[in-house]
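>>> okay, structure incoming, though there's no sequence with it:
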């Protein structure tokens, strides 16, 4: 039987452990740098995908009968204009693409300059966009919560 030959067998385990630790550390650093570099591009990709006008195929909210109201959202840069029941409001649209589920906040300023946030989550299903907003308290799931919440759940499709 032939033995495995190594010129300095006493150093082999030490060398292997050092090499392994180095490789793991280097992999972690590279992965972290890639993540940091990707984040702005991911937000820009999401913003690009949202741009344009979307119309609801399903709309429900606390205190509103399901699907009797049509909602329209128009995304233009970092702004969103929401029209529900003939009334429109414009908001700044903030995205967090690294959360699961992804987050979308609509922010408006009152007359004193204070931010009023409508915190939400969103997801893509093909070319359909589902958004669930809950006012000051972000929903954890894509469903209307019972109680004192101001939730809305909207499934939208892009307009041609």
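That came through fine. The structure displayed is predicted, hence computed values, not measured ones.
>>> what about the helices in this protein?
Assigned by DSSP state H, the helices in the chain fall at 12-50.
>>> can you tell me which residues contact the spatially most central residue of the chain?
Here the mean C-alpha position of the chain is nearest to the C-alpha of residue 102 (CA atoms, centre = their mean), at a distance of 2.2 Å. Shown in contact with residue 102 (CB atoms under 8 Å, 6 or more residues apart in numbering): 46, 95, 96, 121, 122, 123. For every residue, glycine as well, the C-beta is placed using N, CA and C.
>>> give the bridge partners for it, please.
Applying DSSP bridges to residue 102 gives these bridge partners: residue 122.
>>> roughly how far does it sit from residue 95?
As for residue 102, its distance to residue 95 is 7 Å (criterion: CB to CB, to the nearest Å).
>>> find the residues that touch each one of those two.
Counting by CB under 8 Å, 6+ apart, the common neighbours of residue 102 and residue 95 are residue 46.
>>> residue 89 contacts residue 108, doesn't it?
Yes: under the criterion of CB atoms under 8 Å, residue 89 makes contact with residue 108 at 7.0 Å.
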